[in-house]
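Peer 1: The following block contains a protein sequence and its predicted model.
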Amino acid sequence: MTKKPDVWVIVELSGDKVQSRYHRILAGWYGGYANGDSWQMSSGVTKIVDKDTYWEVHNTSGSIYHCYKHIERFSGYTQNVYHSYQEENCDDIRMTHVPFESIRALY
């Protein structure tokens, strides 16, 4: 399944209950008057392909995100989701935002 978020960022999960650090996409879509904004977190990045205007990001679930290069950022909604996860972070599981360029070469 291909997903095309309106905004996206990369988050890294680490901690005592995480076997090894891994990366996920925190994606957001803008709603309209009748539909509210939405968000989703990917299962885990496995491969990144440069497609000129966007990154084709493959995940462990088989889903592929088309992450357009010019929209790597939080929306107000995804920023709130991220902060909620951070408040729940502990030594067991930590989530941190990382710039895409810092992980691109890993995949």
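Peer 2: Yes, it's here.
Peer 1: Contact partners for C90?
Peer 2: Shown in contact with C90 (CB atoms under 8 Å, 6 or more residues apart in numbering): G15. (C-beta placed from N, C-alpha, C; glycine too.)
Peer 1: What distance do you get for it to G15?
Peer 2: For C90, the distance to G15 equals 8 Å [CB to CB, to the nearest Å].
Peer 1: repeat for T78
Peer 2: Remark: distance between T78 and G15 (CB to CB) = 21 Å.
Peer 1: the more surrounded of these two?
Peer 2: Set T78 next to G15 and count neighbours by other CB atoms under 10 Å: T78 wins out with 24 against 13.
Peer 1: And Q86, how far from V7?
Peer 2: 18 Å.
Peer 1: what about the helices in the protein?
Peer 2: 76-88 (DSSP state H).
Peer 1: what residue lies at the spatial centre of it?
Peer 2: I25 (1.4 Å; CA atoms, centre = their mean).
Peer 1: Show the contacting residues for Y107.
Peer 2: Residues counted as contacts of Y107 (CB under 8 Å, 6+ apart) are 45-48.
Peer 1: right, and the residue nearest to the centre of the chain touches I10 too?
Peer 2: Yes: assessed by CB atoms under 8 Å, I25 is found in contact with I10 at 6.3 Å.
Peer 1: Can you work out which residues contact both of those two?
Peer 2: Counting by CB under 8 Å, 6+ apart, the common neighbours of I25 and I10 are V45.
Peer 1: Show me what counts as buried in stretch 78-85.
Peer 2: Neighbour-count burial for stretch 78-85, counted by 16 or more other CB atoms under 10 Å, picks out 78-79, 81-82, 85.
Peer 1: likewise stretch 9-24?
Peer 2: Within stretch 9-24, the residues scored as buried using 16+ other CB under 10 Å are 9-13, 22-24.
Peer 1: now swap in stretch 100-107 and tell me
Peer 2: 100, 103.
Peer 1: so where do the strands sit in this structure?
Peer 2: For the chain, applying DSSP state E gives strands covering 2-3, 7-14, 22-29, 38-41, 45-50, 54-59, 64-68, 94-98.
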